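**Student:** sharing a model prediction with you, sequence too.
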Amino acid sequence: MKKILIIEDEKILLEMYRDKLQRAGFKVLTAQDTNEGLTVAKKEKPDLIMLDILLPRENGISFLEKQKNISEISSIPVIAFSNFDDPDTKKEAYRLGVKDYIIKSNYTPEEILEKIKKYL
């Protein structure tokens, strides 16, 4: 069973994506900020990370910078998913290695699930 870590601070979205992915047969881990996300990623070694960009305290870009410097989790693929549609932030996320940058409001949960399957 593939493990997916969702780092998302909006509880309703976190629960919706968790439920959707669990029904699709994934083991789902969750975190609500970058520090918790890094801790869970190091402990659980997920197969994929879904990362919100706008998070409390530190943003998703900060997570990506830290992830790249931690050898045991640096190769885990990351899909950024956010409603923050800023070209500079997108460019920085891709520079730091995200596989995709999804604008949440442009995709249904079903379409996001298909993208996740593509990267696993």
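**Tutor:** Cool, got the structure. Numbering: from 1, shown residues only.

**Student:** flag every buried residue along the least confident helix or strand in the chain by mean pLDDT.
**Tutor:** Every helix and strand in the chain was compared by mean pLDDT, DSSP states H and E; the lowest is helix 109-119, with a mean of 92. Buried residues in helix 109-119, counted by 16 or more other Cβ atoms under 10 Å: I112, L113, I116. Heads up, the C-betas are built off the backbone N, CA and C, glycines and all.

**Student:** who's in contact with the residue most central in space within the chain?
**Tutor:** With distances taken as Cα atoms, centre = their mean, the residue of the chain nearest its centroid is M50 (1.6 Å). Contacts here follow Cβ atoms under 8 Å, 6 or more residues apart in numbering; on that basis M50 touches I4, L5, I6, I7, E8, Y17, V78, I79, F81, I116.

**Student:** hang on, the second one in a strand?
**Tutor:** Yes. L5 forms part of a strand when assessed by DSSP: H, G, I helix; E, B strand; the rest coil.

**Student:** would you mind measuring from it to D85?
**Tutor:** Between L5 and D85 the computed distance is 23 Å (Cβ to Cβ, to the nearest Å).

**Student:** the third one too?
**Tutor:** Using Cβ to Cβ, one gets 20 Å for the distance from I6 to D85.

**Student:** neighbour count: these two, which is higher?
**Tutor:** Ranked by neighbour count (other Cβ atoms under 10 Å), I6 and D85 place I6 first, with 25 against 13.

**Student:** which residue packs closest to the more buried one, ignoring adjacent ones?
**Tutor:** Nearest non-adjacent residue to I6, counting by Cβ to Cβ, 6 or more residues apart in numbering: M50, 4.7 Å away.

**Student:** which SS state does the one you found fall under?
**Tutor:** Assignment for M50 (three-state DSSP): strand.

**Student:** beta partners of it?
**Tutor:** On the basis of DSSP bridges, M50 is bridged to I6, I79.
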